[in-house]
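> Give the three-dimensional model of this entry:
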Amino acid sequence: MSEVAGPPEPRYVQRNQPSGVPPLALTGERTLPDVPEENYWFRRHLVVYEWIAQRVAGKRVIDMACGEGYGADLLARYAQTVVGVDANPETHEHARLRYRRPNLTFARELISTFTAPADCVVCLQTIEHVQDPDAVLEHFAKLAGPGGAVFISTPNVLTLAGDGAERSDNPWHVHEYRAAEFAQLCARHFGTVEMYGLFHARKLRAHELAIRSGWDTVHKRLGLTRRFYDWFTPAISSSDFALRGPVGSELQGGDDRAGGLHRALDFLAVCHR
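Numbers count the residues shown, from 1 in each chain. This next block holds a predicted model:
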């Protein structure tokens with residue numbers, strides 16, 4: 001009798017988790033700490049959380065679609081309280097067990113239905129997954145209220161997708177945004193929208209320039225690819241990225257190039273009602 005093959009084992013799983021905390025597998029839908037091969041994407045997301053954390057000190061914060069929980073934990077070092085919201089049962093259980101602070105809680109719920117008092121709402125790298133982004137942003141605007149702030153990030157389709165492609169091949173993305181389109185989406189729900197762009201800096205900028213000069217061909221020819229990236233990727237830090245801005249109303253007029261945002265990796269919108 002032949003055996004029935006089960007699902008393939010995940011290739012990348014978190015390493016060295018605390019006792020009693022189930023490690024999460026990398027699926028491509030979320031980024032994770034403690035996976036060396038994923039460090040570029042983890043740091044690319046973490047640097048935005050670090051920037052926001054400095055601006056929510058003493059505030060009540062909701063981290064929508066918090067995933068593994070590392071961002072909510074970082075925000076809780078500065079905020080008065082943080083609630084990390086995620087509907088996925090696996091990530092919710094992991095976050096609840098791993099990240100424990102007196103001012104940090106996790107709720108298993110949809111971002112569109114969760115309601116709690118808040119001064120700030122954070123939702124990073126999620127709006128591109130949403131079927132009705134206007135409804136979600138209106139919900140966030142109501143939660144934060146007239147004096148609150150909403151922080152939304154999303155990748156730039158112009159740098160995420162291949163040359164000339166209208167979108168990337170990420171199967172979880174419903175819609176990917178250009179700078180002006182994203183600014184206009186946010187402006188439909190907020191009176192003030194400031195846009196920032198995330199760019200490579202330091203060694204990532206040097207690597208970017210090296211790629212343009214033919215480094216990909218050189219390391220393959222010399223047989224250095226695996227050894228180089230096994231060193232380079234885990235060595236990436238938050239300081240290898242830079243947020244630049246803000247850019248304001250000119251984006252809402254349809255100028256994708258304002259502030260050089262057409263070259264950004266990701267956009268961060270800081271929104272006030």
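> CA only for contacts and neighbour counts going forward, please
OK.
> residue ranges for the strands of the stretch 101-250 of the chain, please.
Along the stretch 101-250 of the chain, the segments classed as strands by DSSP state E, counting those that start in this stretch run 104-107, 120-124, 149-155, 192-200, 241-247.
> So which bits of the second one are buried?
Within strand 120-124, the residues that qualify as buried by neighbour count (16 or more other Cα atoms under 10 Å) are 120-124.
> Show me the contact partners of it.
Strand 120-124 is contacted by residues 45, 56, 59-66, 140, 143-144, 148-154 when judged by Cα atoms under 8 Å, 6 or more residues apart in numbering.
> ok, of the buried residues of strand 120-124, which one's closest to residue 263?
Ranked by distance to residue 263 (Cα to Cα), the buried residues of strand 120-124 are led by residue 124 at 19.0 Å.
> May I have the predicted confidence score for the closest one?
Residue 124 carries a pLDDT value of 98.
> Poorly predicted segments of the protein, please.
Low-confidence segments of the chain, defined by pLDDT under 70, span residues 1-10.
> what residue is smack in the middle of it?
residue 125 (3.8 Å; Cα atoms, centre = their mean).
> Does residue 176 touch residue 126 like I think?
No. Residue 176 is beyond contact range of residue 126, at 10.5 Å (criterion: Cα atoms under 8 Å).
> so which of the buried residues of strand 120-124 would you say is closest to residue 73?
Nearest to residue 73 among the buried residues of strand 120-124: residue 122, at 12.7 Å, using Cα to Cα.
> State the distance from that closest one to residue 81.
Going from residue 122 to residue 81 by Cα to Cα, to the nearest Å gives 13 Å.
> between the two, what contacts are shared?
residue 61.
> you'd agree residue 84 is in a helix?
No. Using DSSP: H, G, I helix; E, B strand; the rest coil, the assignment for residue 84 is strand, not a helix.
> show me the contacts for it.
Per Cα under 8 Å, 6+ apart, neighbours of residue 84: 62-66, 69, 72, 104-107.
> Mind doing that once more with 6 Å?
63, 66, 72, 106 (Cα atoms under 6 Å, 6 or more residues apart in numbering).
> Phi and psi next, for residue 213.
Backbone dihedrals for residue 213, given as degrees, to the nearest 10, come out at phi -90, psi 0.
> actually residue 269, sorry about that
phi -100, psi 130.
> Not counting sequence-adjacent ones, nearest residue to it?
Closest residue in space to residue 269, ignoring its immediate chain neighbours: residue 195 at 4.6 Å, by Cα to Cα, 6 or more residues apart in numbering.
> bridging residues for that neighbour?
residue 247, residue 269 (DSSP bridges).
> give me phi/psi at the nearest residue to residue 53 once chain neighbours are set aside?
In space, and not counting its chain neighbours, residue 53 is closest to residue 75: 5.0 Å by Cα to Cα, 6+ apart. Dihedral angles of residue 75 (phi, psi; degrees, to the nearest 10) stand at phi -60, psi -40.
> Could you check how many residues crowd around residue 75?
The local packing of residue 75 (other Cα atoms under 10 Å) involves 29 other residues.
> Verify the contact between it and residue 52 for me.
No. Between residue 75 and residue 52 there is no contact under Cα atoms under 6 Å: 7.7 Å.
> any idea of the angle the lengthiest helix in the chain forms with strand 192-200?
Longest helix in the chain, counting residues (DSSP state H): helix 39-53. Angle, helix 39-53 to strand 192-200, by axes from the mean of the first three to the mean of the last three Cα atoms, to 10 degrees: 150 degrees.
> What angle do strand 241-247 and helix 39-53 make with each other?
Using the same axes, to 10 degrees: helix 39-53 against strand 241-247 is 50 degrees.
> who touches helix 39-53?
Defining contact as Cα under 6 Å, 6+ apart, one finds that helix 39-53 is touched by 31-32, 71, 75, 234, 237-238.
> Please narrow those residues to those residing in helices.
Those of these lying in helices (DSSP H): 71, 75.
> farthest pair in the contacts of helix 39-53?
75 and 234 (23.3 Å).
> returning to what we had before: okay if I get the contacts of residue 84 as TSV plus neighbour count and distance to residue 249?
TSV is the format used below for these (neighbours: other Cα atoms under 10 Å; distance: Cα to Cα, whole Å):
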residue	neighbour count	distance to residue 249
63	24	27
66	29	29
72	30	30
106	22	36
